[in-house]
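J.: below is the structure, and that's it, no one-letter string:
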């Protein structure tokens, strides 16, 4: 509908529908339905199969697994303090670390021409870390992890559905449009805005703090 | 100048007539076939978009109320294994260059379409992520059944 590009919209939530009505008026009538996000089917089906994925990557399934996910934009985790966070995790040999990111992050033409595969090549020498760029099985990686370190990528909301701890990077230069969503997300995550705050937020997440079920439900089902 | 104007009008008229003729032939074919099903094309644009499309494709195939097709994806980073998996559930996969000349009742897209479909088809937008740039409120926690039902109910009548 935007600029006449689409005829029908399968909306994610009621708010999208309300906004659409405000913008397109009667033209939206009968042309939009709230359906949610079909990706959840795959993610929730995989939620119980974590150990197999970890073992298939040559990592110890007995250890906790941390998933690092980043958006591709300049305000994302990887583009700001990602490398520092990963260097910190290099020292944490008691956990498995899986590193992935948005599809565009690994395309040099889209990510500010930074070659992240090259910059993170050192990860190959860390036996407890795996660099998994442009993977198609993000749902499996999410299901395999006990804690996620993430940012404003939409995968954060998918991970939230697993009701597992999240260490959330909030870049002040990337505010959410809805302050209410920001508050709900912060209320159920261990938030950091820079490397100085990261270690404490990480340890809190590892201890399972700030991951209450009621808060997540409020976040996801609004 | 006058000749050019006349030619452009003629070209526009010819295109319009061709489209109408195409619509008419399709209508006759549908009326003649009691087993007619709407043809729904999933245009695959990238791996994360396909993550959203794949469960809907499978659910639609299970329901059997529409004829499901897929196009693209290989050049956009979706692995050949995943594309090959479509054949195992009976979903034909077309090259985009060919699909744009075929007739579909609906085309399910997860990104702004960069391909023009010459024979029409309603364009249905399915989000490729769980929120747009993560600035929107989160989504309902339901499954692909909503998308599936919507596609079935919208397109089981000829467009």
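T.: It's in. Just so we're clear, the structure is a prediction, and the values are computed from it rather than from any experiment.
J.: in chain A, which spans are helices?
T.: Applying DSSP state H to chain A gives helices spanning A:14-24, A:39-46, A:50-56, A:77, A:83-90, A:116-119, A:138-144, A:155-160, A:179-187, A:198-206, A:213-220.
J.: for the fifth one, which positions count as buried?
T.: In this case it means helix A:83-90. A:85, A:86, A:89 (16 or more other CB atoms under 10 Å in any protein chain shown). (C-beta placed from N, C-alpha, C; glycine too.)
J.: how about the helices in chain B?
T.: B:2-32, B:47-63, B:80-88, B:96-99, B:145-155.
J.: identify whichever of those helices lies nearest to chain A.
T.: Proximity to chain A (CB to the nearest CB) singles out helix B:145-155 among the helices of chain B, at 3.4 Å.
J.: that older thread, make JSON lines from the helices of chain A and add mean pLDDT to it.
T.: Converted to JSON lines, the helices of chain A look like this (pLDDT from 0 to 100):
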{"stretch": "helix A:14-24", "mean pLDDT": "79"}
{"stretch": "helix A:39-46", "mean pLDDT": "80"}
{"stretch": "helix A:50-56", "mean pLDDT": "88"}
{"stretch": "helix A:77", "mean pLDDT": "96"}
{"stretch": "helix A:83-90", "mean pLDDT": "97"}
{"stretch": "helix A:116-119", "mean pLDDT": "93"}
{"stretch": "helix A:138-144", "mean pLDDT": "92"}
{"stretch": "helix A:155-160", "mean pLDDT": "86"}
{"stretch": "helix A:179-187", "mean pLDDT": "81"}
{"stretch": "helix A:198-206", "mean pLDDT": "96"}
{"stretch": "helix A:213-220", "mean pLDDT": "77"}
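J.: okay if I get these as a markdown table plus distance to residue A:67?
T.: Listed next are the helices of chain A as a markdown table, based on distance: least, CB to CB, whole Å:
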| stretch | distance to residue A:67 |
| --- | --- |
| helix A:14-24 | 27 |
| helix A:39-46 | 13 |
| helix A:50-56 | 11 |
| helix A:77 | 12 |
| helix A:83-90 | 11 |
| helix A:116-119 | 16 |
| helix A:138-144 | 6 |
| helix A:155-160 | 8 |
| helix A:179-187 | 17 |
| helix A:198-206 | 11 |
| helix A:213-220 | 17 |
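J.: so which of the ones you listed comes closest to residue B:12?
T.: Minimum separation from residue B:12 across the helices of chain A (CB to CB) falls at helix A:14-24, 27.8 Å.
J.: can I get the helices of chain B in TSV including mean neighbour count?
T.: As requested, these are exported to TSV (neighbours: other CB atoms under 10 Å in any protein chain shown):
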stretch	mean neighbour count
helix B:2-32	11
helix B:47-63	21
helix B:80-88	13
helix B:96-99	14
helix B:145-155	20
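J.: closest to residue A:133 out of those?
T.: Checked against CB to CB, the stretch from the helices of chain B lying closest is helix B:47-63, at 11.7 Å.
J.: same question for stretch A:22-39: list its buried residues.
T.: Buried, per 16+ other CB under 10 Å, within stretch A:22-39: A:28, A:31, A:32, A:33, A:34, A:35, A:36, A:37, A:38, A:39.
J.: with stretch B:69-76 instead?
T.: For stretch B:69-76, the neighbour count (16+ other CB under 10 Å) marks B:69, B:70, B:71, B:72, B:73, B:76 as buried.
J.: contacts for it?
T.: Taking contacts as CB atoms under 8 Å, 6 or more residues apart in numbering or on different chains, the residues outside stretch B:69-76 that touch it are B:39-47, B:50, B:57, B:80, B:82-83, B:86, B:91-96, B:98-99, B:102, B:104, B:115.
J.: out of these, which touch chain A?
T.: Residues of these in contact with chain A (CB under 8 Å from any CB of the partner chain): B:46, B:47, B:50, B:82.
J.: what's the nearest residue to the first one once chain neighbours are set aside sitting at in phi/psi?
T.: I take that to be residue B:46. Nearest non-adjacent residue to residue B:46, counting by CB to CB, 6 or more residues apart in numbering or on different chains: residue B:76, 5.0 Å away. Main-chain torsions, residue B:76, degrees, to the nearest 10: phi -100, psi 20.
J.: same question, residue A:94
T.: phi -90, psi 0.
J.: and the buried residues of stretch B:69-76, which is closest to chain A?
T.: Looking across the buried residues of stretch B:69-76 and measuring by CB to the nearest CB, the closest to chain A is residue B:76, at 9.3 Å.
J.: how close does that closest one sit to residue A:214?
T.: The gap separating residue B:76 from residue A:214 is 40 Å, by CB to CB, to the nearest Å.
J.: likewise residue B:127?
T.: From residue B:127 to residue A:214 the distance is 26 Å (CB to CB).
J.: residues contacting the residue nearest the centre of chain B?
T.: In chain B, the C-alpha nearest the mean C-alpha coordinate belongs to residue B:107, at 1.7 Å (CA atoms, centre = their mean). Contact partners of residue B:107, counting by CB under 8 Å, 6+ apart, are B:40, B:41, B:42, B:43, B:113, B:117, B:121, B:122, B:123, B:124.
J.: check the fourth one and give its pLDDT.
T.: Among the per-residue scores, residue B:43 shows a pLDDT of 95.
J.: what pLDDT does the model give residue B:18?
T.: 86.
J.: try residue B:36
T.: 84.
J.: isn't it right next to residue B:28, touching?
T.: No. Contact criterion CB atoms under 8 Å: residue B:36 and residue B:28 do not qualify, at 11.0 Å.
J.: count of residues packed around the closest residue to residue A:61 other than its chain neighbours?
T.: Using CB to CB, 6+ apart and skipping residues adjacent in sequence, the residue nearest residue A:61 is residue A:51, 4.2 Å away. The number of residues packed near residue A:51 is 12, by other CB atoms under 10 Å in any protein chain shown.
J.: repeat for residue A:196
T.: Residue A:196, neighbours per other CB under 10 Å, totals 10.
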